[in-house]
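K.L.:
Sequence isn't available, so here's the structure alone:
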């Protein structure tokens with residue numbers, strides 16, 4: 001079994017090799033009197049982590065007694081490495097990341113859910129769809145089967161979107177060797193790769209696919225949360241800490257989880273204000289794409305950030321079926337995930 005230090009060393013090697021670190025998310029100033037300072041890391045920019053932007057704009061961090069800086073890194077493995085190496089107090093990641101880490105003997109604790117459905121999108125080039133004889137209105141089965149031999153752009157080969165894409169393919173009899181996954185980066189880089197015909201389709205967080213549709217060279221292809229039943233009740237993006245940190249600083253962990261829970265409640269109760277905040281946070285993205293994506297995925301933001309055993313049962317089942325893990329944590333609340341810091 002890969003030991004914790006080996007896992008960290010592997011991730012450190014990726015950083016040393018020049019893996020880029022993205023610009024930090026805007027954060028409140030550190031060192032505010034009376035507030036507990038700390039550090040958080042985010043595995044990717046995107047609307048699936050909308051609660052982070054809401055929490056900042058609504059100042060939930062300060063209201064709950066903490067003052068956190070937030071940095072975005074390229075992918076879940078790097079976020080997990082920062083968390084387990086003690087370089088971050090919490091990590092905002094896809095649920096596949098801590099499941100893979102658990103299989104390698106590295107334990108973390110999920111304390112809140114950003115999304116409880118796989119709020120991922122696919123976009124496809126118009127010329128590729130015409131060549132294959134599929135359209136956005138085709139059945140889900142036909143659209144997935146058309147991916148055989150396709151060039152599929154993902155953020156990173158080991159990240160959540162790539163893993164979930166592999167699972168969706170298996171549901172329709174397509175094996176991993178039947179298509180080609182290409183790492184093309186996040187957001188604008190991913191959209192550019194599709195526009196420049198480096199890939200036929202892209203898969204990742206919202207609102208990339210809606211943006212492609214508005215730009216006109218491609219169209220929205222699939223919504224995992226809407227079109228794939230297995231992904232409707234699912235821990236897609238989650239907030240995780242180490243068990244040691246949870247035991248040593250329960251008040252801080254409660255503040256972190258509560259802030260995200262409050263932000264998710266804001267999304268559901270003040271949706272119009274949420275859209276305004278997200279448009280301001282993503283000024284380079286067409287606001288119409290943000291509206292389309294959030295309206296489609298609104299139901300995936302669980303009130304209070306709460307998780308359920310059924311969510312994790314589905315997440316563990318998918319991880320096993322994808323054969324990305326052999327050893328999985330218990331699905332029952334307590335050891336791998338908990339809602340106790342949300343109440």
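P.N.:
Alright, I've got the coordinates. Small disclaimer: the values here were computed from a predicted structure and weren't measured.

K.L.:
which residues are contacting stretch 54-64?
P.N.:
If you take Cβ atoms under 8 Å, 6 or more residues apart in numbering as the criterion, stretch 54-64 is touched by 25-28, 32, 35, 67-68, 70, 254-255, 258-260, 262-263, 266-267, 274, 277, 280-281. (C-beta placed from N, C-alpha, C; glycine too.)

K.L.:
Go again with 7 Å.
P.N.:
26, 28, 32, 35, 67-68, 255, 258-260, 262-263, 266-267, 274, 277 (Cβ atoms under 7 Å, 6 or more residues apart in numbering).

K.L.:
wait, which of those residues is closest to residue 96?
P.N.:
Lowest distance from residue 96 to these (Cβ to Cβ) belongs to residue 260, with 19.1 Å.

K.L.:
in which helix or strand would I find that closest one?
P.N.:
helix 250-269 (DSSP states H and E).

K.L.:
what mean pLDDT would you report for that helix?
P.N.:
Average pLDDT, helix 250-269: 97.

K.L.:
Same question for stretch 159-166.
P.N.:
On average, stretch 159-166 scores 85.

K.L.:
Tell me how far that stretch lies from the chain's centre.
P.N.:
10 Å (Cα atoms, centre = their mean, to the nearest Å).

K.L.:
Okay, strands next: where are they in the stretch 51-200 of the chain?
P.N.:
66-72, 90-94, 109-113, 120-125, 151-154, 180-183 (DSSP state E, counting those that start in this stretch).

K.L.:
Tell me who's in contact with the nearest residue to residue 261 once chain neighbours are set aside.
P.N.:
Residue nearest to residue 261 in three dimensions, not counting chain neighbours: residue 305, with 3.7 Å by Cβ to Cβ, 6 or more residues apart in numbering. Contacts for residue 305 were tallied using Cβ under 7 Å, 6+ apart; they are 112-113, 257, 260-261, 264, 342.

K.L.:
Which members of these are the farthest-apart pair?
P.N.:
257 and 264 (10.8 Å).

K.L.:
ok so, going back, what helices and strands are in contact with the following helix or strand past the helix holding residue 260?
P.N.:
As assigned by DSSP H and E, the chain's next helix or strand after helix 250-269 is helix 271-281. Here helix 271-281 touches helix 50-57, helix 287-297, going by 3 or more Cβ pairs under 7 Å, 6 or more residues apart in numbering; DSSP states H and E.
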